[in-house]
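Engineer: Structural data only, the sequence is not supplied:
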């Protein structure tokens, strides 16, 4: 008993004399939640321990503009990010690396459309926020918050309204409703199949008029991290891709189905990945939906899942030979 008591101060003294280990960086949030590829975006990463020569680690090609002054804020790292124009649309895990280590992964979206921020006082039909189309709106729906957005539409346009929440790590379980400005119901969605708890609707607009989107948490709780990215416009989107993967290094044909595509579409990709990667981000383009004009841009098909990649032959492909 006496020996243990005598030894205790020595152990404590050694522990106190040991140099403290620096904590690795941590990401808690990003503002905005994503970036438009091919465009320089000002992004703030919020967290802790973000000093010490921070650098961005991401599974896509990007450029950072040199900072105007040395970075000294441990809680916020501001950077000017340019994601390569050819990056497939999707949600990617990013990290921050400093002299003290590597941060936790954090989901960050890469899109093809301009982004706007939600502006509060849009909590009633009559005060709906006017937005362009196509566009991605970034906002929050905490608690029983209900957000309204208004955009101009043309008769015959095949549009999509996609509330991305669970797919970006949000705690919002979204419900969306689309009406004309005259309150005529057009479409609604809640818990769309294949999108976790997220909601997406597609609709053919019935007339030339303004339309209003209503978005809220379906439980009116908006728990967790209550953020969303709302995609709006005549943008091609697919519900299914078949097959869902293939053999590494091979060129595979894929059929895109559903969504607001007028017909099934076929795309091809060579599944070139690193040996340790088991997924491949598919990119497919399609002419804008609705009447085409020479000035219409070619857009990527949205909401395509990453493909499974393995070293084994694909059974479906073998059967077709």
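Structural biologist: Yes, it's here. Please read these numbers as outputs of a predicted model, since none were measured by experiment.
Engineer: only C-alpha atoms for contact and neighbour calcs from this point on.
Structural biologist: OK.
Engineer: Centroid-nearest residue for this structure?
Structural biologist: By Cα atoms, centre = their mean, the mean C-alpha position of the chain lies nearest to residue 109, the distance being 3.2 Å.
Engineer: Look at stretch 172-188 and report the distance between its end residues.
Structural biologist: Length of stretch 172-188, first residue to last, Cα to Cα, to the nearest Å: 17 Å.
Engineer: List the contacts of that stretch.
Structural biologist: 141-142, 150, 163, 165-166, 189-191, 197-203, 205, 209-219, 221-228 (Cα atoms under 8 Å, 6 or more residues apart in numbering).
Engineer: rewinding a little: and the residue nearest to the centre of the chain, what is it in contact with?
Structural biologist: By Cα under 8 Å, 6+ apart, residue 109 lies in contact with 33-35, 89-92, 168.
Engineer: cutoff 6 Å now
Structural biologist: Going by Cα atoms under 6 Å, 6 or more residues apart in numbering, residue 109 touches 34, 90-91.
Engineer: From the contacts of stretch 172-188, keep the buried residues only.
Structural biologist: For those, a neighbour count by 16 or more other Cα atoms under 10 Å gives the buried set as 141-142, 150, 163, 165-166, 189-191, 197-203, 205, 211-218, 221-223, 225-228.
Engineer: Am I right that residue 149 is in contact with residue 126?
Structural biologist: No - between residue 149 and residue 126 there is no contact under Cα atoms under 6 Å: 10.0 Å.
Engineer: Give me the more crowded residue out of the two.
Structural biologist: It is residue 149, of residue 149 and residue 126, that has more neighbours when counted by other Cα atoms under 10 Å, with 25 against 12.
Engineer: Would you check how far apart that one and residue 178 are?
Structural biologist: Counting by Cα to Cα, the gap from residue 149 to residue 178 is 10 Å.
Engineer: what's the answer for residue 31, then?
Structural biologist: Taking Cα to Cα as the measure, residue 31 falls 27 Å from residue 178.
Engineer: Show me which of these two is the more surrounded one.
Structural biologist: Using other Cα under 10 Å as the criterion, residue 31 and residue 178 rank with residue 178 on top: 24 against 14.
Engineer: Which of the contacts of residue 109 fall in helices?
Structural biologist: Counting by DSSP state H, no part of these is found in helices.
Engineer: Which member of these is positioned nearest residue 257?
Structural biologist: residue 90 (18.2 Å; Cα to Cα).
Engineer: Which secondary structure state does the residue nearest to residue 123 when sequence neighbours are not counted sit in?
Structural biologist: What sits nearest to residue 123 in space, not counting adjacent residues and going by Cα to Cα, 6 or more residues apart in numbering, is residue 147, at 4.9 Å. Here residue 147 is recorded as strand under DSSP: H, G, I helix; E, B strand; the rest coil.
Engineer: who touches residue 147 in this structure?
Structural biologist: With Cα under 6 Å, 6+ apart, residue 147 has these contacts: 122-123, 214-215.
Engineer: before we move on, what about residue 46?
Structural biologist: Contacts of residue 46 (Cα under 6 Å, 6+ apart): 27-30, 75-76.
Engineer: Now the two most distant members of those residues.
Structural biologist: 30 and 75 (11.5 Å).
Engineer: low-scoring stretches of the stretch 151-300 of the chain, by residue?
Structural biologist: Low-confidence segments of the stretch 151-300 of the chain, defined by pLDDT under 70: 287-296.
Engineer: Quick one: the strands in it, in order.
Structural biologist: All strands of the stretch 151-300 of the chain, identified by DSSP state E, counting those that start in this stretch, fall at 158-164, 174-180, 185-190, 199-204, 209-217, 227-233, 240-242, 245-247, 251-257, 265-270, 279-280, 285-286, 299-300.
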